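In: Build the 3D model from these lines:
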Amino acid sequence: MEHDSKVHYQTFPANAKQRFRLSMNAEARLFSVTDFEQPSDGILIRSVVLETKDAVIVVRYVLPGQEIPAHIHPHGQDTWTVLSGRAEYFKGHGEAGIIKAKDIAVARPKQVHGAKNLGDEPFVFVSVVTPASAGYNLAEK
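Out: Numbering: from 1, shown residues only. As a prediction, this is how the structure comes out:
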């Protein structure tokens, strides 16, 4: 399988202020997506909103032309709620569809998913992986 060596991922809260706020309030229940949006021309940033044993909630900000590689979670589900933009959504076996603002995509355990921003605006979505121990493996589109 080919993998773009230029695509790397960083995982961290949006900024020092956000890290402090999360560490001071482990019981936080309301979050602003804007606080976690992190555009990057190079490294795609996996901006963690909250991680517990039950789930990992992440905001993804994908610029036009950027791609989240096809992957699976062997032991869990990944639900994407799209807030803006549109992208080609990889389903595995060479199949794909278009996902856009106000859509929800659910990848059950071992189902291939990933996306490439085909539009001219950022593709922004919230990902909820359950459980947090779902695992991650690259896959074929």
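In: which residue ranges form the helices in this structure?
Out: 16-24 (DSSP state H).
In: Give me the below-cutoff pLDDT ranges for it.
Out: By pLDDT under 70, the low-scoring segments of the chain are 1-26.
In: run the last query once more with 80
Out: Where the chain drops to pLDDT under 80, the residues are 1-27.
In: Is residue 87 in contact with residue 116, as I believe?
Out: Yes: contact between residue 87 and residue 116 holds when scored by C-beta atoms under 8 Å: they sit 5.9 Å apart. Every C-beta, even on glycine, is put in place using the N, C-alpha and C of the backbone.
In: The two: who's more crowded?
Out: Taking neighbours as other C-beta atoms under 10 Å, residue 87 and residue 116 compare with residue 87 leading, 27 against 19.
In: Burial check on the closest residue to the more buried one other than its chain neighbours, number of neighbours?
Out: Counting by C-beta to C-beta, 6 or more residues apart in numbering, the nearest residue to residue 87 once its immediate chain neighbours are dropped is residue 115, at 4.1 Å. If you count neighbours by other C-beta under 10 Å, residue 115 ends up with 26.
In: can you tell me how far residue 115 sits from residue 138?
Out: Using C-beta to C-beta, to the nearest Å, residue 115 is found at 14 Å from residue 138.
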